[in-house]
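> have a look at this prediction, sequence included:
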Amino acid sequence: MGDRLTHLRRAAQGLQSIVTVEAVSPIYETKPWGLADQPDFLNLCVAATTTLAPRPLLAALKNLEVQLGRRPGLRWGPRQIDIDILFYDDLIVQEEGLTIPHPHLAERAFVLAPLADIAPDLIDPQTGRTVRAMLANTDATQVKKLSIITRE
């Protein structure tokens, strides 16, 4: 919602206070997933290291979302920002409110395309498939790489 690019840039900057950012993908514009009647999404992926365990990391990311203006709303509905943990090393976590690897990762070209730009050979510890292989098995025709610089 709103100035999508500004929200995305502010989120990328805010992550630097939580994690050590190692790589940032290009930005992609995609059709919305879940609830289709909303503006197109801007997406990017970040590779990072952290000393935080998965649950405290999730709490820090959700706190950042609130700082950036996210408010409760419809599931998969319009929002200023949405930050997910896709992978955490080779951990498999299935707890209330936290699933790693992200449970819908393999079906979401809008996540896999930017992730493939920074970690194409990353292996999903549950399936043994690489990000590149998962992307090849999705329909990425509605995923458009933008010529926008993420970091300023």
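Happy to help now that I have it.

> show me what secondary structure element comes after the longest helix along the chain.
Ordering each helix of the chain by length in residues (DSSP state H) puts helix 54-67 first. Sequence-wise, the next helix or strand downstream of helix 54-67 (DSSP states H and E) is strand 93-95.

> what's the first helix or strand after that next one?
Following strand 93-95 toward the C-terminus (DSSP H and E): strand 98-100.

> what mean pLDDT does that next one get?
For strand 98-100, the mean pLDDT works out to 96.

> next SSE after that strand?
Next helix or strand after strand 98-100 toward the C-terminus (DSSP H and E): helix 109-118.

> low-confidence ranges, this structure, go.
Per-residue confidence for the chain (pLDDT under 70) gives these ranges: 1-2, 33-37, 70-80, 148-152.

> try it again at 50.
Residues of the chain that meet the criterion pLDDT under 50 lie in 77, 152.

> P101 touches D84, doesn't it?
No - between P101 and D84 there is no contact under C-beta atoms under 8 Å: 10.2 Å. C-beta coordinates here come from the backbone N, C-alpha and C atoms, glycine included.

> please say which of these two ends up with more neighbours.
Using other C-beta atoms under 10 Å as the criterion, P101 and D84 rank with P101 on top: 20 against 14.
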